[in-house]
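Undergrad: how would this look folded up:
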Amino acid sequence: MGFFNLFSKKEKKEVLDAGLQRTKTSVLDKLTRAVAGKSKVDDDVLDNLEEVLVTSDVGVETTVEIIRRIEERVARDKYVGASELNRLLKEEIESLLTESGNDDSEGFSLPERQGTAPYVIMVVGVNGVGKTTTIGKLAWQFKQAGKKVYLGAADTFRAAAVEQLCIWGDRVGVPVVKQQMGSDPASVAYDTLSSAVANGADIVLIDTAGRLHNKVGLMNELTKIKNVMKKVVPDAPHEILLVLDGSTGQNAFEQAKQFIKATDVTALAITKLDGTAKGGVVLGISHQLGVPVKYIGLGEQPTDLQPFDRKAFVESLFSDPV
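TA: Have a look, this model is predicted:
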């Protein structure tokens, strides 16, 4: 059920281009040097291209696959001019992401569901990745679509986290369910869902404590939260959204791998892409992890959180900077 597209394609493209400017400038500068003095894509160009992709945080495994595909195209087409490299990259990377389950997004959407219980999204990730901010932006987007939203402040270990979520709740006009600091996070989740059900909410977003991905005990707590929520909404949570900081490059990729091993992550949000030249990490994460990238963060405003559109992302990345 795609339930809204608040902004025009032109507006979305402008936000995407501006947000990726540092990454795309870096990538295109490197590509220009990779083909300097070359009239066709040969072994030297491919070697240089491999270095471009790896140093742009695309990741080794994804880089190897992209190079393999480009090599096949060059062999099949016999002669490929160096000027065509951008086009080939866009086509092959887009194809790669499609095969990895990252389809074009038509906007913020939720699946069709039976009954009246709210759709429950549990948001996970380590401290500092933009998790609570992403929740606030999602709440704003959903409310703009006419949905009734509840927020649950289940990060009870940090006063700042609860305070920040409450600020977002006030800003976007949605209720926040909270308890005293140090309360059982599962209890907060239970109360949030109980209130949401009683008041006919459409969507519930549960903020969880920023967890170090190598702490088994803390990961086990996520399981406890999930089990408690099922007492109120039997099939909750419907989505487990892992938030990653794109500016950390390959560290984000490693965090994602550990979280996916530890809990049932169903979607990814990659934030802070506007302040980094490491946006290429989105390609590696999209290709390798088997979990779709659902949202990307391109700035501070609520409108700067966009659904991930593989075609638009790749087109922007390999087009001239704004």
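
Undergrad: can you give me the helices for the protein?
TA: 9-19, 21-34, 43-55, 60-77, 85-99, 131-144, 159-172, 185-198, 216-229, 250-262, 281-288, 310-317 (DSSP state H).

Undergrad: Could you dump those into TSV and include mean neighbour count, distance to V243 and mean pLDDT?
TA: For the C-beta atoms, the positions are set from N, CA and C on the backbone; glycine is no exception. As requested, the helices of the chain are exported to TSV (neighbours: other Cβ atoms under 10 Å; distance: least, Cβ to Cβ, whole Å; pLDDT from 0 to 100):
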stretch	mean neighbour count	distance to V243	mean pLDDT
helix 9-19	16	16	86
helix 21-34	18	19	90
helix 43-55	17	25	92
helix 60-77	16	21	92
helix 85-99	18	20	88
helix 131-144	23	4	95
helix 159-172	17	13	93
helix 185-198	21	17	97
helix 216-229	16	14	83
helix 250-262	18	10	86
helix 281-288	25	12	91
helix 310-317	21	18	91
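
Undergrad: Including distance to A117, could these go into CSV?
TA: Putting the helices of the chain into CSV (distance: least, Cβ to Cβ, whole Å) gives the following:
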stretch, distance to A117
helix 9-19, 31
helix 21-34, 40
helix 43-55, 44
helix 60-77, 38
helix 85-99, 33
helix 131-144, 16
helix 159-172, 21
helix 185-198, 6
helix 216-229, 11
helix 250-262, 26
helix 281-288, 31
helix 310-317, 31
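
Undergrad: who wins for proximity to L298 among those?
TA: Ranking these by their distance to L298 (criterion: Cβ to Cβ) puts helix 9-19 first, at 2.7 Å.

Undergrad: tell me the angle the closest one makes with helix 21-34.
TA: Here the directions of helix 9-19 and helix 21-34 differ by 70 degrees (axes from the mean of the first three to the mean of the last three Cα atoms, to 10 degrees).

Undergrad: residues contacting M181?
TA: By Cβ atoms under 8 Å, 6 or more residues apart in numbering, the residues touching M181 are T156, F157, A159, V162.

Undergrad: What sits closest to the third one if chain neighbours are left out?
TA: Nearest-residue entry for A159: M181, 5.6 Å, with adjacent residues in sequence omitted and distances by Cβ to Cβ, 6 or more residues apart in numbering.

Undergrad: where does that neighbour land on pLDDT?
TA: pLDDT for M181: 86.

Undergrad: can I assume G130 is in contact with I296?
TA: No. Assessed by Cβ atoms under 8 Å, G130 is found out of contact with I296, at 11.2 Å.

Undergrad: Now do the shared contacts for those two.
TA: T271.

Undergrad: re the thing from before, out of the helices of the chain, flag the one nearest I240.
TA: That would be helix 216-229 among the helices of the chain, by Cβ to Cβ, at 8.1 Å.

Undergrad: re earlier: compare G130 and I296 (neighbour count), which wins?
TA: Taking other Cβ atoms under 10 Å, G130 and I296 do not tie; I296 has more neighbours (25 against 21).

Undergrad: For that one, list each beta-bridge partner.
TA: I270, Q306 (DSSP bridges).

Undergrad: Check the gap between the residue nearest to A159 and A36 for me.
TA: 58 Å (Cβ to Cβ, to the nearest Å).

Undergrad: ok so, going back, so which of the helices of the chain is nearest I121?
TA: Nearest to I121 among those is helix 131-144; the distance by Cβ to Cβ comes to 7.6 Å.

Undergrad: Could you find the closest non-adjacent residue to G275?
TA: Using Cβ to Cβ, 6+ apart, the nearest residue to G275 is S247, at 5.8 Å.

Undergrad: Then K294?
TA: Among residues not flanking K294 along the chain, A267 sits closest, at 4.0 Å (Cβ to Cβ, 6+ apart).
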